[in-house]
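Visitor: here is the input, now give the coordinates:
(chains A and B)
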2 protein chains.
Amino acid sequence: MESMESCVPPGFRFHPTDEELVGYYLRKKVASQKIDLDVIREIDLYRIEPWDLQERCRIGYEEQNEWYFFSHKDKKYPTGTRTNRATMAGFWKATGRDKAVYERAKLIGMRKTLVFYKGRAPNGQKSDWIMHEYRLESDENGPPQASICYYAY
Amino acid sequence: MESMESCVPPGFRFHPTDEELVGYYLRKKVASQKIDLDVIREIDLYRIEPWDLQERCRIGYEEQNEWYFFSHKDKKYPTGTRTNRATMAGFWKATGRDKAVYERAKLIGMRKTLVFYKGRAPNGQKSDWIMHEYRLESDENGPPQASICYYAY
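Guide: Below is the predicted model:
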């Protein structure tokens, strides 16, 4: 991503807060508005394994242990047996409770935490890959939309 | 620092490496070259206490526990009893060995670590304030020059 390296001065790193991810990046993405700096790539989460995604979402500088991307939420097939959030090698499983994301006092979105299991449910093997999936608060009754996720390993 | 907030997209934080501090910021400062984004303020380290400096070196967004600044190295008075690196409330004392800073394989600078003591040497009371002082490698025999420091509390 040359565009980023030429725009951001040395010493700056992408470490967004939940509020910035939802209130700026995700909101603009869903509204198809221009995002100043194209740091978050769009990928299809269900066609790519965690360990392959690092290369796709690199931001240009050394050592990352978090990778940010947009992915469309998986459509629910009315018929079919495919596990939600499954990849070829495994599947993502939600853990804990969703966390509210606020902008000042206003609820603007939710953050879901998921863990990657290798294999097939219910016999998967838990891994160290963690994903945070953000959605806008308007999600519930709205049309399918993008979410931002990031892996931390 | 409005200039910074309007230039750097949401989510970016200033977390420079030693190499970036010395190879980009300090080198440009010493050469009086323009620095793209004015994020490192110039202060007189010996006229300000650690706890007052935070306000002066804020970079515009919430929660920092590191503050970056340029300061001229203290002149050595041929006569006089003032402790090196003393402020009104205490003094900075070097600790450990200086660390070399490399740009690829080339030595470009050194990093000295200092701890703040309240009171007067040799009876000062050690505090949790740490400073890293960077100098260009050309320092040794050259004229006095700026150094970048940061506090970590």
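
Visitor: strands of chain A, residue ranges please.
Guide: A:12-14, A:41-42, A:66-72, A:90-103, A:106-118, A:125-136, A:146-152 (DSSP state E).

Visitor: tell me the buried residues in the longest one?
Guide: Spelled out, it's strand A:90-103. By neighbour count on 16 or more other Cβ atoms under 10 Å in any protein chain shown, the buried set for strand A:90-103 is A:90-93, A:101, A:103. Quick note: C-beta positions are derived from backbone N, CA and C, even for glycine.

Visitor: let's have these in a markdown table, adding distance to chain B and pLDDT.
Guide: What follows is the buried residues of strand A:90-103, written out as a markdown table (distance: Cβ to the nearest Cβ, whole Å; pLDDT from 0 to 100):
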| residue | distance to chain B | pLDDT |
| --- | --- | --- |
| A:Gly90 | 29 | 93 |
| A:Phe91 | 29 | 91 |
| A:Trp92 | 23 | 89 |
| A:Lys93 | 27 | 90 |
| A:Val101 | 14 | 94 |
| A:Glu103 | 12 | 93 |
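
Visitor: pick the one among these closest to A:Val115.
Guide: Among the buried residues of strand A:90-103, A:Lys93 lies closest to A:Val115 (Cβ to Cβ), at 5.6 Å.

Visitor: was I right about the closest one contacting A:Val115?
Guide: Yes - contact criterion Cβ atoms under 8 Å: A:Lys93 and A:Val115 qualify, at 5.6 Å.

Visitor: pretty sure A:Arg117 is touching A:Asp128, no?
Guide: No, residue A:117 isn't Arg; it's Tyr. No - contact criterion Cβ under 8 Å: A:Tyr117 and A:Asp128 do not qualify, at 11.2 Å.

Visitor: circling back: among the strands of chain A, which is nearest B:Tyr46?
Guide: strand A:12-14 (29.4 Å).

Visitor: run through who's touching that closest one.
Guide: A:39, A:59, A:61, A:68, B:8, B:11-16 (Cβ atoms under 8 Å, 6 or more residues apart in numbering or on different chains).

Visitor: distance between that strand and the chain's centre?
Guide: Relative to the chain's own centre, strand A:12-14 is displaced by 18 Å; criterion: Cα atoms, centre = their mean, to the nearest Å.

Visitor: count of neighbours near A:Leu53?
Guide: Other residues lying near A:Leu53 total 21 when counted by other Cβ atoms under 10 Å in any protein chain shown.

Visitor: circling back to that earlier point, show me which of A:Tyr117 and A:Asp128 is the more surrounded one.
Guide: The neighbour comparison of A:Tyr117 against A:Asp128 (other Cβ under 10 Å) goes to A:Tyr117, with 20 against 9.

Visitor: apart from its chain neighbours, what residue comes closest to the more buried one?
Guide: Nearest residue to A:Tyr117, sequence neighbours excluded (Cβ to Cβ, 6 or more residues apart in numbering or on different chains): A:Gly124, at 2.9 Å.

Visitor: wait, what's in contact with the one you found?
Guide: Contact analysis of A:Gly124 by Cβ under 8 Å, 6+ apart lists A:90-91, A:93, A:117-118.

Visitor: let's see that with 7 Å instead.
Guide: By Cβ atoms under 7 Å, 6 or more residues apart in numbering or on different chains, the residues touching A:Gly124 are A:90-91, A:117-118.

Visitor: now the residues you listed in JSON lines, with distance to A:Leu53?
Guide: Shown next, in JSON lines, are these (distance: Cβ to Cβ, whole Å):
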{"residue": "A:Gly90", "distance to A:Leu53": "13"}
{"residue": "A:Phe91", "distance to A:Leu53": "15"}
{"residue": "A:Tyr117", "distance to A:Leu53": "16"}
{"residue": "A:Lys118", "distance to A:Leu53": "15"}
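
Visitor: tell me which two of those sit farthest apart.
Guide: A:Phe91 and A:Lys118, at 8.7 Å, using Cβ to Cβ across the contacts of A:Gly124.

Visitor: tally of neighbours for the residue lying closest to A:Ala100 once chain neighbours are set aside?
Guide: Excluding the flanking residues, the one nearest A:Ala100 by Cβ to Cβ, 6+ apart is A:Leu107, at 5.6 Å. Close neighbours of A:Leu107, defined as other Cβ under 10 Å, add up to 11.

Visitor: I'd guessed A:Leu107 sits against A:Leu136; true?
Guide: No - checked against Cβ atoms under 7 Å, the pair A:Leu107 and A:Leu136 is beyond contact range at 10.2 Å.
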